[in-house]
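quick one, what's the 3D model for this:
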Amino acid sequence: MPPIRSVHARDLDPAPAGRLPGVLPARTTLLILVLAAGGCTQRASPGRAAGEPAARTADAAAPTASAPPAASASLADDLPDVANGFSAGSLERGPGYVRRTYRRDTARISITIGEMPGLSLERWIQMSASLDYPPAALDAPPDAVSGFWDCAGAKDAERCDLHAHTRGGLHIEVQASGTATRADVGALMAGIPMRAIAARNARP
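Modelled structure (predicted):
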């Protein structure tokens with residue numbers, strides 16, 4: 001499923017396995033971690049181009065696995081219509097994730113919550129600690145969720161995103177594409193029920 005700047009994620013391929021759909025990682029190191037946690041995007045096998053049909057083998061007759069079901073309604077409940085003065089756009093629900101974009105003034109911030117049970121909170125914290133991003137204080141117990149800021153620019157020009165992961169295997173990506181300050185993102189997150197999100201468990 002698909003997400004985390006020595007090498008920017010925007011220079012990488014758009015949808016590697018293991019990322020939340022449509023979410024860009026902050027650093028290649030963390031991207032590798034997420035890929036190792038388990039993928040949700042089918043990749044072309046070695047020796048053939050993407051989109052080229054595979055050679056028929058005895059296994060080809062076996063039924064193919066069905067696509068993962070859409071994320072549960074409970075995840076959608078955690079992205080309210082209004083959050084601390086931000087108005088929400090329509091809800092997107094896909095295989096194992098929900099996404100909603102919030103607006104206030106010039107800020108346009110997208111929140112994606114995805115099920116990523118293969119990534120433990122301990123490993124997330126271990127890898128996050130090796131990066132030079134400042135930790136983000138979230139309204140949930142620190143042993144239940146951990147996050148960090150991904151900012152560019154300085155002083156008034158600073159613009160930020162936020163990345164977090166819960167003990168229950170939910171991954172949260174808050175991305176503003178350069179439209180929001182740290183204060184903007186923090187204000188939005190104050191209206192998101194992080195304690196409820198941190199208390200949920202991703203489906204295996």
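
just the strands in the chain please.
Secondary structure of the chain (DSSP state E): strands at 82-83, 86-88, 92-94, 97-104, 107-115, 135-136, 145-152, 159-166, 170-175.

export those to TSV and tack on mean pLDDT?
Shown next, in TSV, are these (pLDDT from 0 to 100):
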stretch	mean pLDDT
strand 82-83	96
strand 86-88	97
strand 92-94	93
strand 97-104	97
strand 107-115	97
strand 135-136	96
strand 145-152	96
strand 159-166	97
strand 170-175	97
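
apart from its chain neighbours, what residue comes closest to Glu158?
Distances taken as C-beta to C-beta, 6 or more residues apart in numbering place Cys151 nearest to Glu158, at 5.4 Å, with adjacent residues excluded. To be clear about C-beta, it is placed using only N, CA and C from the backbone, and glycine gets the same treatment.

my guess is that neighbour meets Arg159, correct?
Yes. Contact criterion C-beta atoms under 8 Å: Cys151 and Arg159 qualify, at 6.7 Å.

what does the model give the spatially closest residue to Pro117 that is not a sequence neighbour for pLDDT?
Once flanking residues are discounted, Pro117 sits nearest to Gly169: 3.5 Å by C-beta to C-beta, 6+ apart. As predicted, Gly169 sits at a pLDDT of 96.

correct me, but Gly169 touches Arg123?
No. In this structure, Gly169 is not within contact of Arg123 by C-beta under 8 Å, at 11.3 Å.

which of the two has more residues huddled nearby?
Counted by other C-beta atoms under 10 Å, Gly169 and Arg123 do not tie: Gly169 has more neighbours, with 20 against 15.
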